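A.B. asks: Sequence isn't available, so here's the structure alone:
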């Protein structure tokens, strides 16, 4: 048996590409119904994955990728919060 570990893959809700879990950003909906960006990937809640680029976020907004993943409408404030956090990540 080889000692290779299986790398978990996730699909971006924006560009629909499969990438390793560590390369992606996780957006979660908590039990209270609030949406957060989960950098650690370990918080509890329903999750959807995005590439760390504003182009993928814009695509996800246009194609309603996050709304499909969470099976509910997403308020505009959540998209604005995600855009701000995405800009901070890209500027690092």
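C.D. replies: Received, thanks. Computed from a prediction, not measured in an experiment: that's the story for all the values here. Residues are numbered from 1 along each chain as shown.

A.B. asks: So which elements touch the longest helix seen in the chain?
C.D. replies: Taking DSSP state H as the criterion, the chain has its longest helix at helix 76-91. Applying 3 or more CB pairs under 8 Å, 6 or more residues apart in numbering; DSSP states H and E, we find helix 76-91 packed against strand 25-29, strand 35-38, helix 54-62. Backbone N, C-alpha and C define where each C-beta goes, glycine included.

A.B. asks: Please state the mean pLDDT value computed over it.
C.D. replies: What helix 76-91 shows for mean pLDDT is 83.

A.B. asks: one step back: mean pLDDT, mean neighbour count and distance to residue 79 for the helices and strands packed on helix 76-91 - can I get that in TSV?
C.D. replies: Listed next are these as TSV, based on pLDDT from 0 to 100; neighbours: other CB atoms under 10 Å; distance: least, CB to CB, whole Å:
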stretch	mean pLDDT	mean neighbour count	distance to residue 79
strand 25-29	90	20	10
strand 35-38	84	18	9
helix 54-62	90	18	6
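
A.B. asks: who wins for proximity to residue 70 among the ones you listed?
C.D. replies: With CB to CB as the criterion, residue 70 lies closest to strand 25-29 of the helices and strands packed on helix 76-91, at 5.3 Å.
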